[in-house]
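*Asks:* need the 3D shape of this:
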Amino acid sequence: MTQIPNPREEKDALIVGIDFGTTYSGIAWASTRDRNIKTIRTWPGEPLQMDKVKTELAYKDDTAKPSHWGYQVKQNTPKPLRWFKLLLQNVNCDLLTYESTDSELRETLDLMPQGKLPQELAADYLRAIHNHFRSRLKRTYRKEYLDQLGKEIPVHYYLTVPTIWTQDAKNLTRAAAKAAGIGELGTVKLISEPEAAAAHCFTQYEGTKDALKVRDVFVIVDCGGGTVDIISYEVTTTTPLRVAEVAVGTGGLYGSVFLNDRFEALVRSRIGESAFANMTPENKEEMMHYFETRLKKTFRDRNPDENWNEFFCPVPGVQDNPDAGVLTESLMLSAADVKSIFEPIFRGIVEMVQAQVDEAEENSKKPVKAIILVGGFGSSEYLHQHLSENVKSGLAKNISVLQAPEAWQAVVQGAVQHGLSLEVDSGIVQARKVRESYGVAAAESYDPLVHPRDKVIFSLLHGGMICPGRMQWFITRVGNIQFTSALNLCCLSSA
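*Replies:* Numbers count the residues shown, from 1 in each chain. From the prediction side, this is the model:
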């Protein structure tokens, strides 16, 4: 039944969350009137309902506008562009973690339309997904309601970004969103992916057997397609739910797409470059589908089922080669082969998570109660096992590793939940660790015990000797920002 919001109700606003991911993206929204979060699950080019859409583009003959996006980009679509979100972190287009000449990122660099910049690719994709969102709104709400969006009914967009994004990358992401038309109806704010995921997780665990308690410390690990992002919180109150950040968030390029690269490299080394090159796009898609749905999600080390010591990966069109382990168009992989795909990536993830646990426990003086995995990659059985066995607490015997409900939707729904909480009061997160120091250069009255003599000048304005260019810090990186009160800044003379 079509929902008909009442635009006359006080404080009505539309909150929109956009999870712009490396491999998949999603949109969710809610009205502050009913706070019921809705997620788009129908997409062009895909007959089935899907929680997210592929972050892919294709252009025809270097035209300005993309000819295909999302699920419209098929395996045989010419010049598909993937992983381009990662290029926002390095606009010079040299961000390559693994030097495989056939990685999707390198192919995207080679196939980008002439003159197109990474932020323009991002803008084209965000425009497509946002236009689709607008079309879904037209099917959901009456025209009278839609006409008031951005006027009587404010619209607030929350666009998620990785923790590792530099300020330049954030600025490019925000600029791409604005160029895509996002924000024409209202504000655009950025929120880190793990913070959005935390908002989702904390609300999901309320009232469950893993219910939150005051002083509990949690580490949220958002495992996405391109990046793994980590953040830690301590519960300060449960009614209402409030948390404080206890360690500066971190992250790295350890997403599941790099597992795909390593899997493909393994297949190439086994069957040979010529045999791999002769596989059709459809055959490669079938091979990758097996890895995505079987090995990546369900593989576990030392599985008690002996049948899981060998895996038969489809390689359609490849001739039998017993020496390479290819029989009847299937490539036999041992458990050791599969582990070799995961190990380097997992090693980096474990190091990051352990460092975050250590910092969270050092700052809070409390043991981490649980590590919560979110994101599509967070549902991996092997990742859960690996973290459970290798991440240790310095203050407790062990740490629980949980896989959040609706893990793939955690970031986009959490972005909306975050926005809804800000509409009511100051939000779920009440304190954050400062990422940078902020201050201004100012002139100080000369003090011979403090200021170097060669820097001192006479100032008619100040009526005496001053030392210009002295930093006056408003807040330093080692501090916290509380959101329950305003931060008062004193007025200083400019240098």
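*Asks:* can you map out the helices along this protein?
*Replies:* 104-111, 118-140, 143-146, 167-179, 193-205, 257-271, 273-278, 281-290, 296-298, 335-364, 381-390, 410-424 (DSSP state H).
*Asks:* so which of these gets nearest S67?
*Replies:* Ranking these by distance to S67, with CB to CB as the measure, places helix 118-140 first at 10.7 Å. For the C-beta atoms, the positions are set from N, CA and C on the backbone; glycine is no exception.
*Asks:* for that closest one, buried residues please.
*Replies:* With burial defined by 16 or more other CB atoms under 10 Å, the residues of helix 118-140 counted as buried are 118-130, 132-133, 136-137.
*Asks:* my guess is I230 contacts C223, does it?
*Replies:* No: using CB atoms under 8 Å, I230 is not in contact with C223; the gap is 9.5 Å.
*Asks:* re earlier: can you put the helices of the chain in JSON lines and add mean pLDDT and distance to A247?
*Replies:* Shown next, in JSON lines, are the helices of the chain (pLDDT from 0 to 100; distance: least, CB to CB, whole Å):
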{"stretch": "helix 104-111", "mean pLDDT": "80", "distance to A247": "30"}
{"stretch": "helix 118-140", "mean pLDDT": "95", "distance to A247": "29"}
{"stretch": "helix 143-146", "mean pLDDT": "91", "distance to A247": "42"}
{"stretch": "helix 167-179", "mean pLDDT": "94", "distance to A247": "20"}
{"stretch": "helix 193-205", "mean pLDDT": "87", "distance to A247": "11"}
{"stretch": "helix 257-271", "mean pLDDT": "92", "distance to A247": "25"}
{"stretch": "helix 273-278", "mean pLDDT": "93", "distance to A247": "43"}
{"stretch": "helix 281-290", "mean pLDDT": "90", "distance to A247": "36"}
{"stretch": "helix 296-298", "mean pLDDT": "84", "distance to A247": "29"}
{"stretch": "helix 335-364", "mean pLDDT": "94", "distance to A247": "4"}
{"stretch": "helix 381-390", "mean pLDDT": "93", "distance to A247": "17"}
{"stretch": "helix 410-424", "mean pLDDT": "88", "distance to A247": "19"}
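*Asks:* could I get the phi/psi values of N76?
*Replies:* Reported as degrees, to the nearest 10, the phi and psi values for N76 are phi -100, psi 10.
*Asks:* err, D147, not the other one
*Replies:* phi -70, psi -20.
*Asks:* measure it to K138 for me?
*Replies:* Going from D147 to K138 by CB to CB, to the nearest Å gives 11 Å.
*Asks:* ranges for the strands of the stretch 1-150 of the chain?
*Replies:* Listed in chain order, the strands of the stretch 1-150 of the chain (DSSP state E, counting those that start in this stretch) span 14-19, 24-31, 38-39, 53-54, 56-59, 66-69, 80-82.
*Asks:* quick one, which of these is nearest to R302?
*Replies:* Closest to R302 of those is strand 24-31 (CB to CB; 30.7 Å).
*Asks:* give me the residues contacting that closest one.
*Replies:* 5, 12-19, 36-40, 51-55, 125, 129-130, 132-133, 137, 225, 376, 409, 411-413, 415-416, 419-420 (CB atoms under 8 Å, 6 or more residues apart in numbering).
*Asks:* could you report the neighbour count for I191?
*Replies:* 19 (other CB atoms under 10 Å).
*Asks:* now Y382
*Replies:* So Y382, with other CB under 10 Å, has 20 neighbours.
*Asks:* same question for K189.
*Replies:* 15.
*Asks:* which strand residues bridge it?
*Replies:* Y158 (DSSP bridges).
*Asks:* measure it to R174 for me?
*Replies:* Counting by CB to CB, the gap from K189 to R174 is 9 Å.
*Asks:* joint contacts of the two?
*Replies:* Common neighbours of K189 and R174, counting by CB under 8 Å, 6+ apart, are L159.
*Asks:* need the strands of the stretch 1-150 of the chain in CSV (columns: mean pLDDT, distance to V440 and mean neighbour count).
*Replies:* Listed next are the strands of the stretch 1-150 of the chain as CSV, based on pLDDT from 0 to 100; distance: least, CB to CB, whole Å; neighbours: other CB atoms under 10 Å:
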stretch, mean pLDDT, distance to V440, mean neighbour count
strand 14-19, 96, 34, 27
strand 24-31, 96, 39, 23
strand 38-39, 95, 44, 18
strand 53-54, 96, 44, 24
strand 56-59, 94, 42, 23
strand 66-69, 94, 44, 20
strand 80-82, 91, 42, 23
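*Asks:* same list (the ones you listed) but as JSON lines, adding distance to S437.
*Replies:* Shown next, in JSON lines, are the strands of the stretch 1-150 of the chain (distance: least, CB to CB, whole Å):
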{"stretch": "strand 14-19", "distance to S437": "30"}
{"stretch": "strand 24-31", "distance to S437": "34"}
{"stretch": "strand 38-39", "distance to S437": "39"}
{"stretch": "strand 53-54", "distance to S437": "39"}
{"stretch": "strand 56-59", "distance to S437": "39"}
{"stretch": "strand 66-69", "distance to S437": "41"}
{"stretch": "strand 80-82", "distance to S437": "37"}
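*Asks:* and the ones you listed: which comes nearest A198?
*Replies:* Comparing the strands of the stretch 1-150 of the chain against A198 with CB to CB, the closest turns out to be strand 14-19 (13.7 Å).
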